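**Q** sequence-free structure coming up:
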């Protein structure tokens, strides 16, 4: 069976540094008719489980630990038995949201995960958060970037645990080196491609955050 990418948008709140914002999140489900990964369990565990359609959930892969990307992860894990995976550098953020439950496993740069015969390469891309990761899936001509790279520029770096020069370095070294036709599937909003974003790197640096 051929692997595919399913897309779900869930809505809720993002809280950090004493602020709260209403947000819509992209939830990506990648797999075949039998098994799948969920990338970022945002807001609504029941809706995500329904979108799985009975497929075995092999892992909940978190691109980073901002509340809007992980708030439904424990509930979805409990419902499905799937482990929650996160980069260890984001544990301080995770524990702000889920102080009584740790992730089930930790992601590392260069690690390869596999579901439905499709390999996912973990790229550690700090800047938006210390443990932000992107997931490169060459078989599907896709990179899942969470909040590291959007259509039109890098993710926000104006809050705690974030750093603009670091995110620009991550994008330059880990993402813009991918094939230009690679589809960038983001944590919020529309998708783009590596080639569409590459020419704007210098503009981002001048603009700063």
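**A** That came through, no problem. Owing to the predicted nature of the structure, the values given are computational and were not obtained by experimental measurement.

**Q** Which secondary structure elements does the helix or strand where residue 11 lies sit against?
**A** Element membership for residue 11, per DSSP states H and E: strand 4-16. On a contact count with 3 or more CB pairs under 8 Å, 6 or more residues apart in numbering; DSSP states H and E, strand 4-16 meets strand 19-31, helix 45-52, helix 67-70. C-beta here means a position set from N, CA and C on the backbone, and glycine is covered the same way.

**Q** and that strand with helix 45-52, angle?
**A** Comparing the axes of strand 4-16 and helix 45-52 via axes from the mean of the first three to the mean of the last three CA atoms, to 10 degrees yields an angle of 170 degrees.

**Q** Let me see the ranges of the helices in this protein.
**A** Listed in chain order, the helices of the chain (DSSP state H) span 45-52, 67-70, 73-80, 91-97, 164-170, 194-197, 201-207.

**Q** Can you add mean neighbour count and mean pLDDT and give these back as JSON lines?
**A** Listed next are the helices of the chain as JSON lines, based on neighbours: other CB atoms under 10 Å; pLDDT from 0 to 100:
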{"stretch": "helix 45-52", "mean neighbour count": "18", "mean pLDDT": "98"}
{"stretch": "helix 67-70", "mean neighbour count": "25", "mean pLDDT": "98"}
{"stretch": "helix 73-80", "mean neighbour count": "19", "mean pLDDT": "98"}
{"stretch": "helix 91-97", "mean neighbour count": "17", "mean pLDDT": "98"}
{"stretch": "helix 164-170", "mean neighbour count": "19", "mean pLDDT": "96"}
{"stretch": "helix 194-197", "mean neighbour count": "18", "mean pLDDT": "97"}
{"stretch": "helix 201-207", "mean neighbour count": "12", "mean pLDDT": "83"}
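
**Q** Distance to residue 24 added to these, as TSV?
**A** TSV is the format used below for the helices of the chain (distance: least, CB to CB, whole Å):
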stretch	distance to residue 24
helix 45-52	13
helix 67-70	9
helix 73-80	18
helix 91-97	18
helix 164-170	22
helix 194-197	21
helix 201-207	23
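
**Q** Residue 146: which of those helices is closest?
**A** Ranking the helices of the chain by proximity to residue 146 (CB to CB) places helix 67-70 first, at 6.8 Å.

**Q** Surely residue 67 touches residue 97?
**A** Yes: between residue 67 and residue 97 there is a contact at 4.8 Å, judged by CB atoms under 8 Å.

**Q** burial measure for the residue nearest to residue 22 when sequence neighbours are not counted, as a count.
**A** Nearest residue to residue 22, sequence neighbours excluded (CB to CB, 6 or more residues apart in numbering): residue 13, at 6.0 Å. A count of nearby residues for residue 13, using other CB atoms under 10 Å, gives 13.

**Q** same question, residue 15
**A** Using other CB under 10 Å, residue 15 is surrounded by 15 other residues.

**Q** Return the set of residues that bridge with it.
**A** When bridges are called by DSSP bridges, residue 15 pairs up with residue 20.

**Q** To residue 186, which of the helices and strands packed on strand 4-16 lies closest?
**A** Of these, the one closest to residue 186 (CB to CB) turns out to be strand 19-31, at 6.3 Å.

**Q** Next, the buried residues of the closest one.
**A** 23, 25-31 (16 or more other CB atoms under 10 Å).

**Q** JSON lines please, covering those residues and showing distance to residue 107 and pLDDT.
**A** Output for those, formatted as JSON lines (distance: CB to CB, whole Å; pLDDT from 0 to 100):
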{"residue": "23", "distance to residue 107": "23", "pLDDT": "98"}
{"residue": "25", "distance to residue 107": "19", "pLDDT": "98"}
{"residue": "26", "distance to residue 107": "19", "pLDDT": "98"}
{"residue": "27", "distance to residue 107": "18", "pLDDT": "98"}
{"residue": "28", "distance to residue 107": "16", "pLDDT": "99"}
{"residue": "29", "distance to residue 107": "18", "pLDDT": "98"}
{"residue": "30", "distance to residue 107": "15", "pLDDT": "98"}
{"residue": "31", "distance to residue 107": "18", "pLDDT": "98"}
